[in-house]
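Novice: here's my sequence, what's the structure:
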Amino acid sequence: MTFPIIAEPASGTDVLSLLHEVFGYSEFRGPQRAIVEHVCAGGDALVLMPTGGGKSLCYQVPAIARHRAGRGVTLVVSPLIALMHDQVGALEELGVHAAFLNSTLESDEARRIEQQLLAGRLVLLYAAPERILTPRFMAMLQSLHERGLFALLAIDEAHCVSQWGHDFREEYLGLSQLHERFPDVPRIALTATADAHTRADIVERLALQQARPFISSFDRPNICYAVVEKDNARAQLLRFLRDEHEGDAGIVYCQSRRRVEETAAWLVGEGIAALPYHAGLASDVRKRHQDRFLREDGLVMVATIAFGMGIDKPDVRFVAHLDLPKNIEGYYQETGRAGRDGAPANAWMAYGLADVVNQRRMIDESVAGEDFKHVQRGKLDALLALAEAHDCRRVRLLGYFGERSMPCGNCDNCLRPPATWDATEAARKMLSCIYRFRQHGGIGFGAGHLIDVLRGKHTDKTAQHGHERLSTFGIGVGLSEAQWRGVVRQLVALGHLRTEGEYHTLALNESARAVLKGDVPIVLREPREPPARAKSGKAARGRATDTGAAAPVLDAAAQARFQALKLWRAAVAREHNLPAYVVFHDATLAQMADRSPASLDELAGISGVGAKKLQAYGADLLQVMHGAAAP
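Specialist: Model prediction:
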């Protein structure tokens, strides 16, 4: 395979001109330009930018600029093979000389790429940290450095270096060696998700104390957040998919491999195209399923958190969680895979008492140190507060990352403010009943039996243990079972209750005393199931696309051009073995269809059409649009 090399520009080419020439965009978004100029000048940077915010441009533009200035190759640390493949494919489409080194390559191909690396011909090289830290690879970097051809080090998914983060990878810890060996090589570390603990750990472990931080807004306004009380989660998921996302691409996250397999099979049985993905599947099966998801329309991927990092598919219309994630960072990272194209998308989660119990138990039973467990409990508490919230979910979500905001108008609580009730007295009754269980028989009981006693329900178990004689028997008859379950869930979430043993019996924590005394108010939302909304959230605020332009509304003629362009793109993508969006994003095709350019000069004005793509595809695009317009 040969790689075209972009012609050398005039000295001092402006980064904005480079952006337009290579990527086809007329302007940077947010802090992108400041980041690019800082790194081009040789400065270190720590970049926190939400998924879909354009992180890749922040190192790709400096890589091209520094290569054109004769400074050699940019090394990109990337944790996933699939991400490397798609990023390199996208850069090749732009005419940028890029490659990756990983286990998928035959030895001859790997040697060819190493030769191009040592010759200084590559603009960007992608590799995983475990390969980079081998003596052979470090020797190649040393050779480049001695000849002034090691231009930049980009560390993608930098949160992987932090033990406090949601996706810690031990192999990332060795990356500090690169700065020790090559202290004059500028570095840019990038992540979409990092709270204060994780940020501090990234800075410490990568020796980025002198790096300039660039922290973008974490807001993804096009995503509508919703959490429902779990009650037959499968039926709730099916209703969500059929009411709002029929035929859409999306991701359903489950906690266990078994649940992934069962859920995917069940969805297929319900007539929904779904595939499983988890680390226990054979590598060739995982690759095949991921490739299908990236290249086909309308597939649902059912997955553990093993799936998703670096997934650039822009038209994922929903992310659904059937189980509670471990923390807000994980939740934000996973939900951020929806709506990367800026069009409306949904983040939906079903959440119940068992989720709280399971997550707390996993923390308590882990072999980690007590300091680590304490931090993880705090992170879980923040996520539980988000799930239980009856005010704006986005305000709470952004607040976790230190960002102040106003109610968004695009979450379930803003769109339909929930009814709430003062559950303080109910909580006192419940805690009192649990206390009397221990007094009466010295043992604890689970939530189901507790609610039976509170509601005065005569069962074999209440008779067996003499609980019909307790003073708390029947004192909660005025509340429904769903309301009582909400009280249990909230008290466990707040840490006033804990579960113990194999049967998850309930016990009081020290903080329960203040609730029993009435010193701590407990306000809960009324249990409900959100009704069907218009498909893909018509109330969504954000309409900006990944190119920064508003998605046009297409008339009938433009729709015909759009569909013709999509068919053409699909054929090109198959020929090049790439996802369709790597050829052109939907937003770019929609602008073409809307404006119907009649010449190459007019086509060059479309956002996302760079010089290489104009040269490679311009004539074909004009012909496709002309043919679609013909009677």
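
Novice: pLDDT below threshold where in this protein?
Specialist: 1-13, 164-167, 308-310, 441, 502, 528-551, 629-631 (pLDDT under 70).

Novice: list of residues touching the longest helix seen in it?
Specialist: For the chain, the helix that runs over the most residues, judged by DSSP state H, is helix 556-576. Helix 556-576 has contacts (C-beta atoms under 8 Å, 6 or more residues apart in numbering) with 89, 93, 295, 552, 554, 579-580, 582-584, 586, 589-590, 592-594, 596, 617, 620-621, 624-625, 627-629. The C-beta positions use only the backbone N, C-alpha and C, and glycine is treated the same way.

Novice: hmm, try it at 10 Å
Specialist: 89, 92-93, 294-297, 552, 554, 578-586, 588-596, 616-617, 620-621, 623-630 (C-beta atoms under 10 Å, 6 or more residues apart in numbering).

Novice: for the helix or strand just after it, packing partners?
Specialist: Beyond helix 556-576 in the direction of the C-terminus, DSSP states H and E gives the next helix or strand as helix 580-583. Judged by 3 or more C-beta pairs under 10 Å, 6 or more residues apart in numbering; DSSP states H and E, the packing partners of helix 580-583 are helix 81-93, helix 283-295, helix 556-576, helix 586-595, helix 611-629.

Novice: what packs against the next helix or strand after the shortest one?
Specialist: This means helix 586-595. Moving toward the C-terminus from helix 586-595, the next helix or strand (DSSP H and E) is helix 600-604. Helix 600-604 makes packing contacts with helix 586-595, helix 611-629 when contacts are defined by 3+ C-beta pairs under 10 Å, 6+ apart.

Novice: try it again with 6 Å
Specialist: helix 611-629 (3 or more C-beta pairs under 6 Å, 6 or more residues apart in numbering; DSSP states H and E).

Novice: just the CA atoms of the helix it packs on, as PDB, please.
Specialist: Coordinates of the C-alpha atoms in helix 611-629 are reproduced here as PDB (Å, rounded to 0.1, in the frame of the first residue of the first chain):
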ATOM      1  CA  ALA A 611      -8.200  19.000  -0.500                       C
ATOM      2  CA  LYS A 612      -7.400  15.300  -0.800                       C
ATOM      3  CA  LYS A 613     -11.100  14.200  -0.700                       C
ATOM      4  CA  LEU A 614     -12.000  16.900  -3.200                       C
ATOM      5  CA  GLN A 615      -9.300  15.600  -5.500                       C
ATOM      6  CA  ALA A 616     -10.300  11.900  -5.000                       C
ATOM      7  CA  TYR A 617     -14.100  12.200  -4.900                       C
ATOM      8  CA  GLY A 618     -15.100  15.600  -6.200                       C
ATOM      9  CA  ALA A 619     -16.100  14.600  -9.800                       C
ATOM     10  CA  ASP A 620     -18.000  11.500  -8.600                       C
ATOM     11  CA  LEU A 621     -19.900  13.500  -6.000                       C
ATOM     12  CA  LEU A 622     -21.000  16.100  -8.600                       C
ATOM     13  CA  GLN A 623     -22.100  13.300 -10.900                       C
ATOM     14  CA  VAL A 624     -24.100  11.500  -8.100                       C
ATOM     15  CA  MET A 625     -25.900  14.700  -7.200                       C
ATOM     16  CA  HIS A 626     -26.600  15.600 -10.800                       C
ATOM     17  CA  GLY A 627     -27.900  12.100 -11.400                       C
ATOM     18  CA  ALA A 628     -30.200  12.200  -8.400                       C
ATOM     19  CA  ALA A 629     -31.700  15.500  -9.600                       C
END
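
Novice: in it, what counts as buried?
Specialist: Within helix 611-629, the residues scored as buried using 16 or more other C-beta atoms under 10 Å are Ala611, Lys612, Lys613, Leu614, Ala616, Tyr617, Gly618, Leu621, Leu622, Val624, Met625, Ala628.

Novice: quick one, that helix and helix 81-93 angle?
Specialist: For helix 611-629 against helix 81-93, the angle by axes from the mean of the first three to the mean of the last three C-alpha atoms, to 10 degrees is 80 degrees.

Novice: and helix 611-629, what does it pack against?
Specialist: Counting contacts by 3+ C-beta pairs under 6 Å, 6+ apart, helix 611-629 packs against helix 556-576, helix 600-604.

Novice: residues in contact with it?
Specialist: Contact with helix 611-629 is made by Glu21, Leu94, Gly95, Ala560, Arg561, Ala564, Leu565, Trp568, Ser596, Leu600, Leu603, Ala604, as judged by C-beta atoms under 6 Å, 6 or more residues apart in numbering.

Novice: please redo it, this time with the cut-off set to 8 Å
Specialist: Applying C-beta under 8 Å, 6+ apart, the contact partners of helix 611-629 are 4, 6, 21-22, 24, 93-95, 557, 560-561, 563-565, 568, 572, 583-584, 592-593, 596-600, 603-604, 609.

Novice: among those residues, name the buried ones.
Specialist: Buried subset of the contacts of helix 611-629 (neighbour count, 16+ other C-beta under 10 Å): 6, 21-22, 24, 93-95, 560-561, 564-565, 568, 572, 583-584, 592-593, 597, 603-604, 609.

Novice: which residues does Ala98 bridge with?
Specialist: Leu124 (DSSP bridges).

Novice: what's the neighbour count on it?
Specialist: 24 (other C-beta atoms under 10 Å).

Novice: surely it is in contact with Leu125?
Specialist: Yes. With contact defined as C-beta atoms under 8 Å, Ala98 reaches Leu125; the gap is 7.2 Å.

Novice: distance check, the residue sitting furthest away from the middle of the chain against Trp348.
Specialist: The outermost residue of the chain, judged against the average C-alpha position, is Arg469 (52.0 Å), by C-alpha atoms, centre = their mean. From Arg469 across to Trp348, the span is 45 Å (C-beta to C-beta, to the nearest Å).

Novice: cool, and Gly399?
Specialist: According to C-beta to C-beta, Gly399 and Trp348 sit 21 Å apart.

Novice: pick out whichever of the two has more residues nearby.
Specialist: Trp348 (26 against 17).

Novice: excluding chain neighbours, what is closest to the more buried one?
Specialist: Computed as C-beta to C-beta, 6 or more residues apart in numbering, the closest residue to Trp348 that is not its neighbour in sequence is Ala320, at 4.7 Å.

Novice: wait, a strand at the one you found?
Specialist: Yes. According to DSSP: H, G, I helix; E, B strand; the rest coil, Ala320 belongs to a strand.

Novice: count of neighbours near it?
Specialist: Using other C-beta under 10 Å: Ala320 sits among 26 other residues.

Novice: what do you get for Arg239?
Specialist: Neighbour tally, Arg239, other C-beta under 10 Å: 16.

Novice: helix or strand: which one has it?
Specialist: With DSSP H and E as the test, Arg239 turns up in helix 233-244.

Novice: name the helices or strands packed onto that helix?
Specialist: If contacts are counted by 3 or more C-beta pairs under 8 Å, 6 or more residues apart in numbering; DSSP states H and E, helix 233-244 sits against helix 257-269, strand 318-321, strand 345-351.

Novice: how far does that helix sit from the chain's center?
Specialist: 21 Å (C-alpha atoms, centre = their mean, to the nearest Å).

Novice: which positions in that helix come out as buried?
Specialist: Ala233, Gln236, Leu237, Leu238, Arg239, Phe240, Leu241, Glu244.
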